[in-house]
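Undergrad: need a structure here:
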Amino acid sequence: MSETLGVEPVTEGRSSADTGFGRPFWFSYAANFSMMVSVSLLFVYGEFIESIGGEEWNVGWIVGTGMVGGILMRFAQGVGIDRFGPRRVWLVSNVGYVTCCLLHLAVTRVDTPWIYLLRIAYQSSCAGIFGASIAYVSGRAPIARMAEVIGTLGTSGFVGMMAGTALGRVIVGPGAITRERIDAVFLAAAALGTISFFCTLGATHGHVPRKLSRRGPPLWWLIRRYNPGLILLMSIATGIGLNLPTVFLVTYMESIDLSNGLMVFFNLYPPVAFVARILMRRVPDRLGIRPMIALGIGALVIGLWSLIPVRETWHLVLPALFIGVAHASLFPAVVAGGSGAFPGRWRGTGTTLVLAMFDVGTLVGAPLAGAILTITRSETGPNYGAMFGIVGLLILLAGIVYFGVSRRAPMRRGT
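TA: Numbering: from 1, shown residues only. Next up, the predicted model:
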């Protein structure tokens, strides 16, 4: 039992009556918004690699290496959050992020290990920032309202994504993207990261992490003891499904001569997700997490399948609506269900475990989709319809397995 480890159900820094909303939450919201604007600015990363002599395969290897490094670092950060508190990990990761943005200004060659190490540091910093922020705000909320708090915090990401994309267009300007404009983007990203740092200071002011009387148990023991079960499968499925449009929609639209459709999808997707997140913020508290996951999986599958018949610009409205709703419902429900399986003292490990599974889904999803496109390729080109159809079916099957097993299993906080 958790009592043998001295675990308390109430995380440090709040009372049991605290709903999780207050000054710390809204400072966290501002910090998260600033960071998402900063991250969204870096859509020019591919152009940055090309500006230092790289090609498409360099971009793939560098980003992939960074993702693997970020996944591995998440577990170390989870232990750090539990042992030293989310405040310290959050601030250190924020400093690391700003430093990474500035160090990119000095990179002039792609044939050097430094660009790979820098990308790993960048991904690790992002993982630490978002993992610590979610662990901090969820740790201040009762279990029943955790998904609501996480979901509300997540709306800052949607707003930041829209603001960052718009600001990026202003900075890079019209025409070809030059190295000078790319450097200006990195400087702006560093400035916004600095603003996020000061907002984090405000959010965590007065936060005193609980001191551990002795060294905690090994990471593997914690994961085995408080294993959230098949909800981790939902994390991987979510990572696969939500990442698919961001990776393959560009080439899909080009293959059907509908490049202008991208603006329809990506201008509609974030606001739909934002509104859906606000409207559904109390659903987990009232109905539970499983209905939220059911809604999200259903919307995600329909959204992916509705991409198959797209032939006109307006056809993208339906996929944007359903995938936006899927994002709004799945992310907070899965994070709350997974991290809630861990007691308050080890909430950092639980949160980073779930987020790492999202990353695994992102890492697995692109090669899986690419393999399907290769196998089903015909004389007319890649068969995107088959790819969206098969991936959607796999996600649906994963959802059926989860709901079939979780209904029969003993009820746990992460089920």
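
Undergrad: Report all helices and strands that the one helix or strand Ile71 maps to contacts.
TA: Per DSSP states H and E, Ile71 falls inside helix 56-84. Secondary-structure packing of helix 56-84 (3 or more CB pairs under 8 Å, 6 or more residues apart in numbering; DSSP states H and E): helix 45-51, helix 86-103, helix 113-139, helix 219-225, helix 347-375. (Each C-beta comes from the backbone N, C-alpha and C, glycine too.)

Undergrad: Return the most buried member of the ones you listed.
TA: Ranked by mean neighbour count, the helices and strands packed on helix 56-84 are led by helix 113-139 with a mean of 23 (mean count of other CB atoms under 10 Å).

Undergrad: Packing partners of the next helix or strand after it?
TA: Downstream of helix 113-139, the first helix or strand assigned by DSSP H and E is helix 146-172. Packing partners of helix 146-172 (3+ CB pairs under 8 Å, 6+ apart): helix 23-41, helix 113-139, helix 179-203, helix 261-279, helix 283-287, helix 317-339.

Undergrad: Give the rounded mean pLDDT of the longest one.
TA: Looking back up the chat, that one is helix 113-139. Helix 113-139 carries an average pLDDT of 87.

Undergrad: how far off helix 23-41 does that helix point, in degrees?
TA: 150 degrees (axes from the mean of the first three to the mean of the last three CA atoms, to 10 degrees).

Undergrad: circling back: of the helices and strands packed on helix 146-172, which is nearest Val59?
TA: Val59 lies closest to helix 113-139 among those, at 10.2 Å (CB to CB).

Undergrad: Report all helices and strands that that closest one contacts.
TA: helix 23-41, helix 56-84, helix 86-103, helix 146-172, helix 179-203, helix 317-339, helix 347-375.

Undergrad: and the angle from it to helix 317-339?
TA: Going by the same axes, to 10 degrees, helix 113-139 makes 70 degrees with helix 317-339.

Undergrad: Return the distance of helix 113-139 from the chain's centre.
TA: 11 Å (CA atoms, centre = their mean, to the nearest Å).

Undergrad: Setting the sequence-adjacent residues aside, check what's closest to Thr165.
TA: Distances taken as CB to CB, 6 or more residues apart in numbering place Ser40 nearest to Thr165, at 5.4 Å, with adjacent residues excluded.

Undergrad: and the one you found, what does it touch?
TA: 160-161, 163-165, 168 (CB atoms under 8 Å, 6 or more residues apart in numbering).

Undergrad: quick check, nearest of those residues to Ser406?
TA: Taking CB to CB as the measure, Ser406 lies nearest Met161 of the contacts of Ser40, at 31.2 Å.

Undergrad: so how far is Leu105 from that closest one?
TA: Separation of Met161 from Leu105 (CB to CB, to the nearest Å): 24 Å.

Undergrad: Neighbour count: these two, which is higher?
TA: Met161 (20 against 13; other CB atoms under 10 Å).

Undergrad: Counting by contacts, list what the helix-or-strand element of the chain with minimal mean pLDDT packs against.
TA: When the helices and strands of the chain are scored by mean pLDDT, DSSP states H and E, helix 219-225 comes last with a mean of 70. Applying 3+ CB pairs under 8 Å, 6+ apart, we find helix 219-225 packed against helix 56-84, helix 347-375.

Undergrad: I'd like the next helix or strand past it.
TA: Trace forward from helix 219-225 with DSSP H and E and the next one is helix 231-255.

Undergrad: Please compute how far that following helix lies from its chain's middle.
TA: 12 Å.

Undergrad: Show me what it is packed against.
TA: helix 261-279, helix 289-305, helix 317-339, helix 347-375, helix 384-408.

Undergrad: mind redoing it with 6 Å?
TA: helix 317-339, helix 347-375, helix 384-408 (3 or more CB pairs under 6 Å, 6 or more residues apart in numbering; DSSP states H and E).

Undergrad: Any chance of the helices and strands packed on helix 146-172 in TSV with distance to Ile231 as columns?
TA: Formatted as TSV, those follow (distance: least, CB to CB, whole Å):
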stretch	distance to Ile231
helix 23-41	23
helix 113-139	15
helix 179-203	27
helix 261-279	19
helix 283-287	13
helix 317-339	5
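
Undergrad: quick one, which of the ones you listed is nearest to Val68?
TA: Among the helices and strands packed on helix 146-172, helix 113-139 sits nearest to Val68 (CB to CB), with 8.0 Å.

Undergrad: Report the inter-axis angle for that closest one versus helix 347-375.
TA: Using the same axes, to 10 degrees, helix 113-139 lies at 130 degrees relative to helix 347-375.

Undergrad: Least confident of the helices and strands packed on helix 219-225, on average?
TA: helix 56-84 (a mean of 75).
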